[in-house]
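Asks: my questions concern the predicted model and sequence given below.
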Amino acid sequence: MSDAEYKPTTYFVMSLDPIHIGTGGYRLGRVDNTIVREAGTNLPKIPGTSIEGSARTYVYYAEQENKEINEACAVGKELNKVEPCGICPVCVTFGFTTKKKSLHGMAQFSDARILFFPVHSMIGPVWVTTPKLLSDIGIDKFSVADEHIRTNLVDKGKKLNLGWLYLENEEKFDLSSSLNEIPTDIKNKAVLISEKLFSRVVNSNLEVRTSVSIDPRTGTAEDGALFTYEAIPRATILWFDLVANDPGKFDVDSSIKSKEDVINEVEKSFNYFNTLGIGGMQTKGFGRLKRLSEDSK
Ligand SMILES: [Zn+2]
């Protein structure tokens, strides 16, 4: 098989709210509800499984607008003694299991990784990134010394603060000819830092919110029970890959016949990510995610 067979489609998204994808609520330091991180880098991420789960629900909502689909299709397995149909766009795009048959989803999602992370500085918000993160999306030309920055925001040799860190600008940093999906005002305020610093800067600038714990039996606040939630902050830019399989290669009888059909189905979920969001505490103003594209600015 050629490489083109598995060529992914890359999507860029921006958080419109803090995003909380919890690890299951164990306590770490001062935070009660920590978020999922990448092994190795320790950077927060949105797992592909979370994107897939929400996308499935939202494609179900979108398809419901056209035609009644049974609720089992929304979960891909038997629900209230009803089996998923196995042929609708939701079943084929995201997979299903019945007693007779099982099909894996034609849409496969990578984890969403941070590309630009917002930090306060003396000149307002700036967005930090690293040579490695840029190289992972195909931009290889940049480097930066540890404990230094590259940015267009201050002159060469001058310092800029990222939170409490004061770092010297070693060179200009021009992203204007690349990454057309990313808003220009964010690219203009980009600051390149080393891997080592990036992890520190991100982990010390996460959103931490305190919320009252609600007693599930009475629906009222428990006395003095305050919980802290960690979250990826608003205006963080992340990216993920979607690999679409060709339904024609599998034994399915559906209106979803090609990779393009699969991609088209997945993209029906984006409006819902924009309004309903992803992850925990969506009812408390968390989770909305906007797709960035060249014509969305
Ligand atoms: Zn179905």
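Replies: On my side now, so go ahead.

Asks: alpha carbons only for contacts and neighbour counts from here, please
Replies: Fine.

Asks: dihedrals phi and psi, the residue of the stretch 151-297 of the chain found nearest the ion?
Replies: Nearest residue of the stretch 151-297 of the chain to the ion, counting by Cα to the ion: residue 254, 9.7 Å away. The phi and psi values for residue 254, taken as degrees, to the nearest 10, are phi -150, psi 160.

Asks: secondary structure class for the closest residue to it other than its chain neighbours?
Replies: In space, and not counting its chain neighbours, residue 254 is closest to residue 87: 4.9 Å by Cα to Cα, 6 or more residues apart in numbering. Under the three-state scheme (DSSP: H, G, I helix; E, B strand; the rest coil), residue 87 adopts coil.

Asks: now for the longest helix seen in the chain, which elements pack on it?
Replies: When the chain is parsed with DSSP state H, its longest helix is helix 48-66. Judged by 3 or more Cα pairs under 8 Å, 6 or more residues apart in numbering; DSSP states H and E, helix 48-66 is in contact with helix 71-75, helix 89-94, strand 107-109, helix 259-267, helix 270-275.

Asks: run the last query once more with 10 Å
Replies: The contact analysis (3 or more Cα pairs under 10 Å, 6 or more residues apart in numbering; DSSP states H and E) places helix 48-66 against helix 71-75, helix 89-94, strand 107-109, strand 112-121, strand 237-244, helix 259-267, helix 270-275.

Asks: which one, of those, ends up nearest to residue 204?
Replies: With Cα to Cα as the measure, strand 112-121 is the member of those nearest residue 204 (9.8 Å).

Asks: quick one: buried residues of that closest one?
Replies: 112-119, 121 (16 or more other Cα atoms under 10 Å).

Asks: any residues touching the longest helix of the chain, and which ones?
Replies: Residues from elsewhere that reach helix 48-66, judged by Cα atoms under 10 Å, 6 or more residues apart in numbering: 21, 68-71, 73-76, 88-91, 93-95, 105, 107-113, 240-242, 265-273, 276-279.
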